[in-house]
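Trainee: Fold the following and give me the result.
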Amino acid sequence: MLGSTSCSKDDDDENENKDGNKDIVVNPTDEEEKKETAKYNFFGAELFSNETFTYGKFEAKMKMAYAPGCISSMFLYYNDSYKGNGEVWNEIDIEVIGKEPNGFQSNIITGKLESKVTTEKVHKIDSPVANDFHIYTVEWTPDYVAWYLDGKEIRRNDASNDTKKQVAALVKPQSLRFNIWSSKSSEWVGTLSQKNIPVTQEIDYIKVYDYNEDGSFTEKWTDEFDSFDSKRWGRGNWQMGNVLERSNNVVVEDGVLKLKLTKELK
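Mentor: Prediction:
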């Protein structure tokens, strides 16, 4: 793990849009902009549950972040997936990617580090995701995985007709995670530009439900973020693509948890 560093005043001086979500930004197009971006270090954020879950319903009211080159997410993840050497990979994703301001990507990742199986789909909505709060939900059961936006089912993978057998392959307990970071894959998310940073993902509340054998769900707990509960949550401090995730980029302000993507001069 890499340690954190302190935040500089440079973030506020160069970008007055402190929530980072009011305007749709565009990819840089000239060499001078690339040179300017190279002058900065970039820092992301990750929130993860200390508890793991096997099946359940997971709901969050969020204003996702958007900027080319960046990912703003909610996902379930088997904590040992990254180890490889025969360890299975289990992951269920909701991701706002930097090439799609008006939508989000759903995905299941199974297999192993060395041979992942994926089923990405992009879902369009009527307005930029960074403009408003929406309720994002994942249901994970032995029989299906389903994604919802504002209570409307967007996608469902049923075990009965799952050609890649991904629902059946989700056999490990998973943590609930949220992060904001920048991928090195410009083909996937676009090109990172310093002029678009900082950006912020905002979480109003998170609800977790237990899965019952009759197929129903029972609310287990709700976190409305009146404060940060360190018994329930951890903060990431590792490298993700172009950014170092650090704990002080996860903050609670006025009843909202914020994940921040920031920059500092090298």
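
Trainee: Look up the residues forming beta bridges with the closest residue to Asn79 other than its chain neighbours.
Mentor: Spatial nearest neighbour of Asn79, excluding adjacent residues (C-beta to C-beta, 6 or more residues apart in numbering): Ser175 at 5.7 Å. No exception for glycine: its C-beta is placed from N, CA and C like everyone else's. When bridges are assigned using DSSP bridges, the partners listed for Ser175 are Thr52, Tyr77.

Trainee: Could I get the contacting residues of Ser175?
Mentor: Contacts were defined as C-beta atoms under 8 Å, 6 or more residues apart in numbering; by that measure Ser175 touches Phe48, Ser49, Asn50, Glu51, Thr52, Phe53, Leu76, Tyr77, Tyr78, Asn79.

Trainee: State the distance from the fourth one to Ala130.
Mentor: In this structure, Glu51 and Ala130 are 29 Å apart, going by C-beta to C-beta, to the nearest Å.

Trainee: Among the two, which residue is more densely surrounded?
Mentor: Here Glu51 and Ala130 are set side by side on neighbour count (other C-beta atoms under 10 Å), and the busier one is Ala130, at 25 against 14.

Trainee: does that one sit in a helix, a strand or a coil?
Mentor: State at Ala130, reduced to three classes by DSSP: H, G, I helix; E, B strand; the rest coil: coil.

Trainee: Compute the distance between it and Phe104, please.
Mentor: When Ala130 is compared with Phe104 (using C-beta to C-beta), they lie 11 Å apart.

Trainee: Mind listing the shared neighbours of the two?
Mentor: Between them, Ala130 and Phe104 share these contacting residues under C-beta under 8 Å, 6+ apart: Met64, Val96.

Trainee: returning to what we had before: now, of the contacts of Ser175, which are buried?
Mentor: A residue is treated as buried here by neighbour count (16 or more other C-beta atoms under 10 Å); on that basis the buried members of these are Phe48, Ser49, Phe53, Leu76, Tyr77, Tyr78.

Trainee: Show the contacting residues for Lys99.
Mentor: Pro68, Trp188, Val189, Gly190.

Trainee: I'd like the residues you listed as CSV, with neighbour count, pLDDT and secondary structure appended.
Mentor: CSV is the format used below for the contacts of Lys99 (neighbours: other C-beta atoms under 10 Å; pLDDT from 0 to 100; DSSP: H, G, I helix; E, B strand; the rest coil):
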residue, neighbour count, pLDDT, secondary structure
Pro68, 21, 95, coil
Trp188, 15, 94, helix
Val189, 24, 95, helix
Gly190, 23, 94, coil
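
Trainee: longest single helix anywhere in the chain?
Mentor: Scanning the chain for the helix with the most residues, using DSSP state H, yields helix 31-37.

Trainee: which residues are contacting it?
Mentor: Contacts of helix 31-37 with the rest of the structure, by C-beta under 8 Å, 6+ apart, involve Pro28, Leu192, Ser193, Gln194, Lys195.
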